[in-house]
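Peer 1: Can you look at this prediction? I've put the sequence above it.
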Amino acid sequence: MAAQAPTTPIKPSDINTQQHFWDAFGHRETEVSANWIVRYCQERNNDTWEPFSLRDLQKFYSEGRGREERFLFNRLTSMNYVSVDGDTVSVTTRFVAQCHGSSPTE
């Protein structure tokens, strides 16, 4: 089955990534990983949740950290918030709702 964008009216720009996603996933490192994914989706030109390349996410993350560093999903994949199939990453509607519920833009 091909990766698809979640069906939700919430766009990446509707989520405030300037603060930590407190209690969104019950695990600080997972919340940090989620924040990076949302920031990456915000930086893309289309402001959608369309599936994206793991390679591109990795590049964005390394540039943001100022050094080559491997992106870790932490619990996002094992808890089925995010799916990785080869080089394709897709997020779920549940992922979007958790991020937005924790840190909506005003």
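Peer 2: Nice, thanks for sending it over. Everything numeric in this text was worked out from a predicted model, so none of it was measured. Numbering: from 1, shown residues only.
Peer 1: in what helix or strand does the spatially most central residue of the chain lie?
Peer 2: Central residue of the chain (C-alpha atoms, centre = their mean): residue 37, 2.6 Å from the mean position. Using DSSP states H and E, residue 37 maps to helix 28-43.
Peer 1: Need the residues that contact stretch 12-23.
Peer 2: 28, 31-32, 34-35, 38-39, 41-42, 44, 47-49, 96, 98-100, 102-106 (C-beta atoms under 8 Å, 6 or more residues apart in numbering). C-beta coordinates here come from the backbone N, C-alpha and C atoms, glycine included.
Peer 1: pLDDT weak spots in the chain?
Peer 2: Along the chain, the model assigns pLDDT under 70 to residues 1-2.
Peer 1: quick one: the strands in it?
Peer 2: With strands called from DSSP state E, the chain shows them at 52-53, 82-85, 88-91.
Peer 1: Just say which of those is most tucked in.
Peer 2: For the strands of the chain, the largest average neighbour count (mean count of other C-beta atoms under 10 Å) is found in strand 88-91, namely a mean of 20.
Peer 1: residues making contact with that one?
Peer 2: 3-6, 37, 41, 49, 51-54, 57, 81-83.
Peer 1: rerun at 6 Å
Peer 2: 3, 49, 51, 52, 54, 82, 83 (C-beta atoms under 6 Å, 6 or more residues apart in numbering).
Peer 1: Between those residues, which sits nearest residue 69?
Peer 2: residue 54 (14.1 Å; C-beta to C-beta).
Peer 1: Isn't that closest one up against residue 83?
Peer 2: No: using C-beta atoms under 6 Å as the test, residue 54 is too far from residue 83 to be in contact (10.9 Å).
Peer 1: returning to that earlier point: got the strands of the chain as JSON lines, with distance to residue 69 columns?
Peer 2: Shown next, in JSON lines, are these (distance: least, C-beta to C-beta, whole Å):
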{"stretch": "strand 52-53", "distance to residue 69": "17"}
{"stretch": "strand 82-85", "distance to residue 69": "17"}
{"stretch": "strand 88-91", "distance to residue 69": "17"}
